[in-house]
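*Asks:* Turn this into a model:
(4 chains)
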Number of protein chains: 2
Amino acid sequence: MSSEELTSTKAARPLRRDAQRNRDALVDAARSIFASEGLDAPLEQIARQAGVAIGTLYRNFPTRMDLVEAIFVGKLRTWLESAEQALDMDDAWEAFAFYLEKLCELQAHDRGFNDLASMRFPHAACMERTQGHINELSRRIVERAQREGAVRPDVTVEDLALVIWAHTRISEATSEVCPAAWRRHLGLMLDAFRAARARPLPEPPMRPEEVYQAMVSLGDSSTCTG
Amino acid sequence: MSSEELTSTKAARPLRRDAQRNRDALVDAARSIFASEGLDAPLEQIARQAGVAIGTLYRNFPTRMDLVEAIFVGKLRTWLESAEQALDMDDAWEAFAFYLEKLCELQAHDRGFNDLASMRFPHAACMERTQGHINELSRRIVERAQREGAVRPDVTVEDLALVIWAHTRISEATSEVCPAAWRRHLGLMLDAFRAARARPLPEPPMRPEEVYQAMVSLGDSSTCTG
DNA sequence: ACAGAAGTCGAGGTAGCCCTCAAGTTCGTT
DNA sequence: AACGAACTTGAGGGCTACCTCGACTTCTGT
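*Replies:* Okay, the predicted model is just below:
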């Protein structure tokens, strides 16, 4: 017990120089491979591309998730910042549209981030940490735009999950051959979210737990190895 | 050469009774497993569920695609019929909405059909055969609705691919936990397609070849074994 | 310059899936 | 009843991926 306390208090002495070099190479390789293949890309491919043996990868990142987190903290922070930036904007509709566009831009051409954003790897600690905060900000963006009559009143923040999922597959399909196609889909979605002339929607919105469960289910029986 | 002509002219003598039973069991098992796991489900799992050895599966369906086709001809025909039915309807918008809803219903709760519809398995002979026809009918449905001023003039039939892709991931995510959620997304999309709400879209539509290539790319490096 | 801590290597065990094929079984017919 | 064709079986070889661990190499402080 006390020894666990010690290890969890992360002394974190600096890495040896060669080790640091290898670690950096691994992160670089993982970034490019996760982006093109998704989070379930073979780790051996990453090690190979980094010019390092598989054992070294495992020493630096004992689980796949450790590697994923090392790579995506940055993008997650950008996500949060976009949300904050949106809330700082004057026009509520502009803010809403800006936020969705930023989010989709982050997702575009990065299958790894898509997997993360749609939570195909729900056990990412970095997600767990950020999720609540992102959710709160998203809700405020949506509700503000609704208060001002810009976004239709019958949608909820949970409906943004639909956009994320949709965008995931669309950008997967088109990123090679028609890399801007997702913007067209986003344009359609934005029109759909506009308050003006909205028709009643057929189903009640998802409940927050349902969204969470749905996201988790995308990862079930998939590679959640770590 | 002449022997090939013979084999290709499918004498098709009836199967032995036990063989037929096994074949049926395989089709049943495949139907349920492809529906829940997608077209890349392990064939050994299908054989197991059918209560049959793996060799028997291969004797009946030498390639995965043979099995896929045996299962999905029916659904593909339904797809076509829905399109024809739509073209028979009086109201062009109703027809458009009807067609999209039928298509999404076919996709819902069937990962296998999703894979097929988004062409994650592009080499399906049944797809190749049907593709052109479906495309033609879809185009007529869209264009008629546009002529009557119901659907915005700046979309094309290629944009339906966006709906298919989007729906694919959404129904994958929600089919367990919130099985009607896709209807909400479809509702949003229908509003987006309405002429009345249209704001100019940011990108030109995809060209038909681009759609094809994008669909094919979903299957690349995936299990196109057969 | 050297000791030893820190890091690296990669063969090898495990596992899931693909597909084949030779030996054995079942069916339908005569 | 018995024969041959049709069918079934499942072990086995090949592949790819995961992850571990003991032998080896490299760095760094003294």
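*Asks:* quick one: is the helix or strand hosting A:R48 near DNA strand D?
*Replies:* For A:R48, the element it lies in under DSSP states H and E is helix A:43-50. Yes - under the criterion of CB under 7 Å from any atom of the strand, DNA strand D is reached by helix A:43-50 at A:L43, A:E44, A:Q45. To be clear about C-beta, it is placed using only N, CA and C from the backbone, and glycine gets the same treatment.
*Asks:* And for the second one, nearest residue in space, chain neighbours not counted?
*Replies:* If I follow you right, that is A:E44. A:I54 (5.5 Å; CB to CB, 6 or more residues apart in numbering or on different chains).
*Asks:* how close does the one you found get to A:L26?
*Replies:* 11 Å (CB to CB, to the nearest Å).
*Asks:* Common neighbours of the two, please.
*Replies:* A:A47 (CB atoms under 8 Å, 6 or more residues apart in numbering or on different chains).
*Asks:* More neighbours: the two, which one.
*Replies:* Here A:I54 and A:L26 are compared on neighbour count by other CB atoms under 10 Å in any protein chain shown; more neighbours surround A:L26, at 24 against 12.
*Asks:* Poorly predicted segments of chain A, please.
*Replies:* Across chain A, the ranges flagged by pLDDT under 70 are A:1-11, A:122, A:220-226.
*Asks:* and it, which of its residues are near DNA strand D?
*Replies:* With the criterion set to CB under 7 Å from any atom of the strand, chain A comes near DNA strand D through A:16-18, A:42-45, A:54-55, A:58, A:62-64, A:223, A:225-226.
*Asks:* Of those, which is the most crowded?
*Replies:* Result: A:R64 is most packed of these (other CB under 10 Å), 24 neighbours.
*Asks:* That residue contacts A:A41, correct?
*Replies:* No - A:R64 is beyond contact range of A:A41, at 9.4 Å (criterion: CB atoms under 8 Å).
*Asks:* Enumerate the residues of chain A near DNA strand C.
*Replies:* So far as CB under 7 Å from any atom of the strand goes, chain A lies against DNA strand C at A:13, A:15-16, A:18-19, A:21-22, A:52-56, A:58-60.
*Asks:* Now flag whichever of the residues you listed is closest to A:C178.
*Replies:* A:V52 (35.5 Å; CB to CB).
*Asks:* Helix or strand: which one has the closest one?
*Replies:* Using DSSP H and E, no helix or strand contains A:V52.
*Asks:* For the residue nearest to A:A173 when sequence neighbours are not counted, grab the count of nearby residues.
*Replies:* Spatial nearest neighbour of A:A173, excluding adjacent residues (CB to CB, 6+ apart): B:A214 at 4.3 Å. B:A214 has 25 neighbours, counted by other CB under 10 Å.
*Asks:* just the strands in chain A please.
*Replies:* Assignment of strands within chain A using DSSP state E yields no ranges at all.
*Asks:* Relative to DNA strand C, which residue of it is the closest?
*Replies:* A:G55 (2.0 Å; CB to the nearest atom of the strand).
*Asks:* and the lengthiest helix in chain A with helix A:43-50, angle?
*Replies:* Secondary structure of chain A per DSSP state H: the longest helix is helix A:64-88. Between helix A:64-88 and helix A:43-50, the angle comes out at 80 degrees (axes from the mean of the first three to the mean of the last three CA atoms, to 10 degrees).
*Asks:* For helix A:64-88, buried residues please.
*Replies:* For helix A:64-88, burial by neighbour count (16 or more other CB atoms under 10 Å in any protein chain shown) applies to A:64-65, A:67-72, A:75-76, A:78-79, A:82-83, A:86.
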